[in-house]
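Asker: Just the structure for this:
(2 chains)
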Amino acid sequence: MRDAHQDFAARGYDVVAVGQGSGSRSAAFHRDNDLPFVVLGDPERAGYAAYGLDRGSLIDMLRPSLVVAGVKATLGGARQGKTEGDPLQMPGTFLVDRAGIVRYAHPGGHAGDIPSTRELLRAIDEVTAG
Amino acid sequence: MCLAFALWRHPMPQLTLSPGASAPAVSFEGEQGQAVMISELWASAQHGIVLSFLRHYG
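Answerer: Predicted coordinates:
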């Protein structure tokens, strides 16, 4: 997401990340990693719930697709930080336009189910093309 | 066996927000603990926002 920030910005989209920690914890994550986008906190996970992001099960954590996603991320240089909040909380990514309309929704089916940058950029291009 | 089946059948995340739906205008917590309305962020963007809910930091 960090590397793709410029591509999103060039298309008129700002990146907003939300973590399960407090606002100060999220800000520290932002500072420590010199991220070019805002990181906000949602310690009560009310936003996660409002956007329909469910909790997974223990079995979900053992799905082969999650293991594959983890290996790919690790090989790509990613290192998982300490999980804070609910470890079973699923991630999710949405495109929301200036009018507050959801243009793309990707609720995570497992812990590592995050859309690729390429998929997000393609979704933005499709929205822009109308 | 029953426990394993119950865990396996645990409901997956439901796509409650389909494209075209109104995004919930919730607030999140800023660095100083202040409420940050997500609607203000999407309204101030040129075209919109990529809203990413993280599972963990890092």
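Asker: Could you give the backbone dihedrals for the nearest residue in space to residue B:22 that is not next to it in sequence?
Answerer: Spatial nearest neighbour of residue B:22, excluding adjacent residues (CB to CB, 6 or more residues apart in numbering or on different chains): residue A:100 at 5.8 Å. C-beta here means a position set from N, CA and C on the backbone, and glycine is covered the same way. Main-chain torsions, residue A:100, degrees, to the nearest 10: phi 80, psi 20.
Asker: check contacts around residue A:100.
Answerer: Contacts for residue A:100 (CB atoms under 8 Å, 6 or more residues apart in numbering or on different chains) come out as B:22-23, B:25, B:39, B:42-43.
Asker: Out of the residues you listed, which sit inside helices?
Answerer: B:39, B:42-43 (DSSP state H).
Asker: List just the nearest of these to residue A:37.
Answerer: Comparing the ones in helices among the contacts of residue A:100 against residue A:37 with CB to CB picks out residue B:42 as the nearest, at 13.5 Å.
Asker: my read: residue B:47 touches residue A:14, true?
Answerer: No: taking contacts as CB atoms under 8 Å, residue B:47 lies outside contact range of residue A:14: 9.0 Å.
Asker: Residue A:57: neighbouring residues, count only.
Answerer: 18 (other CB atoms under 10 Å in any protein chain shown).
Asker: Please apply the same query to residue A:24.
Answerer: Burial of residue A:24 is recorded as 14 neighbouring residues (other CB under 10 Å).
Asker: Now it: which helix or strand?
Answerer: helix A:23-32 (DSSP states H and E).
Asker: Run through who's touching that helix.
Answerer: Residues contacting helix A:23-32 (CB under 8 Å, 6+ apart): A:17-19, A:21, A:35, A:38-41, A:81, A:84, B:28-34, B:36, B:57-58.
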